[in-house]
Structure formats: structure tokens, C-alpha cells
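Participant: Below is the structure, and that's it, no one-letter string:
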């Protein structure tokens, strides 16, 4: 059976990728963010999974508003990196894992999560920035095949936090029922608090973010009870992206061990958080 | 289907047909199904700007490009005049509107300065000081 060995929660702000692509990681406005990634990156480099699943949202690059799937899963062999309007990021295209994807689709649909299936999908910063947070210098390929799991967070009504957590729990069961003995890493992306438009633009809520960072480990079911309105009020209109962390967390065991976490303001207009959890039983 | 009422600028787009649990949050536009319906043609225009040849055609004759996509007169005025708040009010999604801002070489901090009325420099300073708070 397949096993989830770690979960990584991280913001996916495009400027984080841009800072890396333009060699600005030692710039005074960025250095603390990247220093905060270093312990997670070092641990992840020692714990390469066979496959990774990135829970993310598209931002008008791979899909538009003709179709707004609440949840979607990629089943392709390859995912091209999108040109978002300023040239594509200089990072490798993504190799998929169609066999695991198809198993996940079947298992999740059997559990009544009726996912949209993508056989062709360009991935944007929501997907590639978390991969860069994990692996800053991938060379010509990412460390392993990666599967995209899409969540609509940009058009109301977004799925509830509870539904995202339930999807994550079903995702965990689906992974564990895969017949091959492979290891899986799951990335939950987006957040933390931020708001891009309106008179409240620039809103950041460190108290809420710190509560979320702690509770995602200790009691995710409590976070899953937050309503959309509570999330938008507490975390800002785009901070609702945090529901994608609950998909990642749901796929993990009840007890997880925090490897590293860090918090940084601002990455562009956003509070950037990273939290890495080891899902393997603690060694005696 | 009734048309969405004109709203105070910068307030939420959630005020129409408010169902259970839905309420306005001041200064917080929420891109919902009604916004998406109103803004569809304009958002499609923004989406097209991912392609270099489309960006060139747009810049060569912005009004013609707007007509090609079937924008309303109000939306066309907002796009041509770079009225960022109006674009949001007329159904633009911030992630789509941002594609136009990128053509102009504008950052999300610039837009933040516009939406808040603070100006880019003060907005950026507020972010670097830890971000803005309610109240």
C-alpha cells in the first residue's frame, strides 16, 4: 500500500517564485522568508517521496471562468508550466503519475467526491511556487512525479472548510488503498491571511495565522468548522485559500510531528506561512 | 432575474439575494456567481492577455479589442481609463484584472494603493510594517 510520509503547507505567492527566478533571495526584503524555508528544504531533500500531490488553485491560467470545477484532479503524464502573461517561469514542466491519479479518481468518486478530471492542464504559480519552496534548484526535473488536485477558491461559493477536510480524509484512504508500496508527499498551498482588492486590501491577521498554524497540527477538525464568512473576515477575501491546507492535513494521520514552521510578512501583499509535518509514526 | 443594484464602491458583491449566512463585509469585494456573470466578457478579455500576440493587438487598438470581446460601455470605459476599482465593481476578478495591470507594468502593491486610496508607496510601507489591520 502507498503511504503519506509528509505534508507540507506553504503559501504560493507568485512573487516568491519571482524572487527566486530573479536571484533576489538575499535581498533584505526577502532574505528572512528564504532563511525560514531552509530547515524544511534540508529535511525534504532527505525524504524524497515517490510521488507528490499538490493541492492548489489556478489563477486564470490553466482554466478560465467558463468552467469552475469545485474540485479537480489531473490524470496527465505531463503538465506544462503556464505563461501567466509575463513569460513562463524558468522551471521544469511537471511529470505526472497517471496510474495513481486514476486510482485516486476512482476511489474518491466511490466516496462520493465527484471530481472534475483534467487530461490536459497547464499549471501556474499556485502549483510551481510550492514546488520551488520544496526544491529551489530542481535542475531539469522536479524530485518526483507530481499530481495536481485543484480546489476552487477564487469564485464564491468556495467549498466549505469541512468539505475540504473530508476530501483530505478520503484522499488519505485512497492513497493507502493504492496497491503499490510507494511513498507520497502531500502539499497544501495558499494563504495565509491576505486580501488583494477593496478598501480592506493589505489586511493581515497574524493572530489568526498563528492560531491556524498551531491548530492545523493539533485539531484540524476545529478549523474545518469555520464558515466561509468567518474565514473571509478573519483571513481576508483571498486568505480563504487556507482551506486547501485542510485537504493536505486530512490526508495525514491524526497525530503528526511538526518538523518545521515559519511565518513571514509580507510576501507581496500576503502573510507567507510554511509548515512541514512528518506523518510517519515517531520512532521509539 | 433582477439586476444587481449599484453598490457603494469597494463594498462586497455579496449583497444581492443574500442567503443564509451571507453578509456584507465592508471594503471586501467577494467575487461570486453574480459578479462572474456580469464580468464574464471582461474577464475573458483579461484571460486572453496571457498570449503575447493578444497583448500586441490589445495595445494597438484597445477600444476595438474591447468591442471584439463584447464588453459593456461601462466596462470598456473602465478598461480604457484604467479605473481599477470600476473593473472590480463591474465583475472583474482580481486575478484576471491583474493581467491588465501587468501589461502596464503595475504591481499588486500599486493596485493595493489604488483600492485603499493610500497610493503605492504608503501601501507598500504599510505591508512592510506588517500589513494592515481592521479598525
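Facilitator: That came through, no problem. In this text, all values refer to a predicted model and were calculated from it rather than measured experimentally. Numbers count the residues shown, from 1 in each chain, chains lettered A, B, ... in the order given.
Participant: now the strands for the stretch 1-150 of chain A?
Facilitator: Counting by DSSP state E, counting those that start in this stretch, one finds strands in the stretch 1-150 of chain A at the ranges A:3-10, A:51-56, A:71-74, A:78-81, A:94-95, A:116-118, A:122-123, A:146-151.
Participant: and residue B:121, helix, strand or coil?
Facilitator: helix (DSSP: H, G, I helix; E, B strand; the rest coil).
Participant: Equivalent analysis for the one 5 residues further on, please.
Facilitator: Residue B:126 carries the three-state label helix when classified by three-state DSSP.
Participant: and the closest residue in space to it that isn't next to it in sequence, what pLDDT?
Facilitator: Computed as Cβ to Cβ, 6 or more residues apart in numbering or on different chains, the closest residue to residue B:126 that is not its neighbour in sequence is residue B:132, at 5.4 Å. C-beta here means a position set from N, CA and C on the backbone, and glycine is covered the same way. With respect to pLDDT, residue B:132 scores 98.
Participant: Give me the neighbour count for residue B:132.
Facilitator: 21 (other Cβ atoms under 10 Å in any protein chain shown).
Participant: what separates it from residue B:93, distance-wise?
Facilitator: 22 Å (Cβ to Cβ, to the nearest Å).
Participant: still on that earlier bit, contacts only, for the residue nearest to residue B:126.
Facilitator: Contact analysis of residue B:132 by Cβ atoms under 8 Å, 6 or more residues apart in numbering or on different chains lists A:200-204, B:116, B:126.
Participant: at 6 Å instead, please
Facilitator: Listed by Cβ atoms under 6 Å, 6 or more residues apart in numbering or on different chains, the contact partners of residue B:132 are A:202-203, B:126.
Participant: And for residue A:237?
Facilitator: Contact analysis of residue A:237 by Cβ under 6 Å, 6+ apart lists A:195, B:28, B:30.
Participant: Grab the nearest non-local neighbour of residue A:150.
Facilitator: With sequence-adjacent residues excluded and distances taken as Cβ to Cβ, 6+ apart, residue A:150 is closest to residue A:72, at 3.8 Å.
Participant: Count the residues that sit near the closest residue to chain B within chain A.
Facilitator: Residue of chain A nearest chain B, by Cβ to the nearest Cβ: residue A:204 (2.6 Å). Other residues near residue A:204 come to 25 when the count uses other Cβ under 10 Å.
Participant: so how far is residue A:269 from the spatially closest residue to it that is not a sequence neighbour?
Facilitator: Distance criterion Cβ to Cβ, 6+ apart; nearest residue to residue A:204, sequence neighbours excluded, is residue B:131 at 2.6 Å. Look at residue B:131 and residue A:269: by Cβ to Cβ, they are 8 Å apart.
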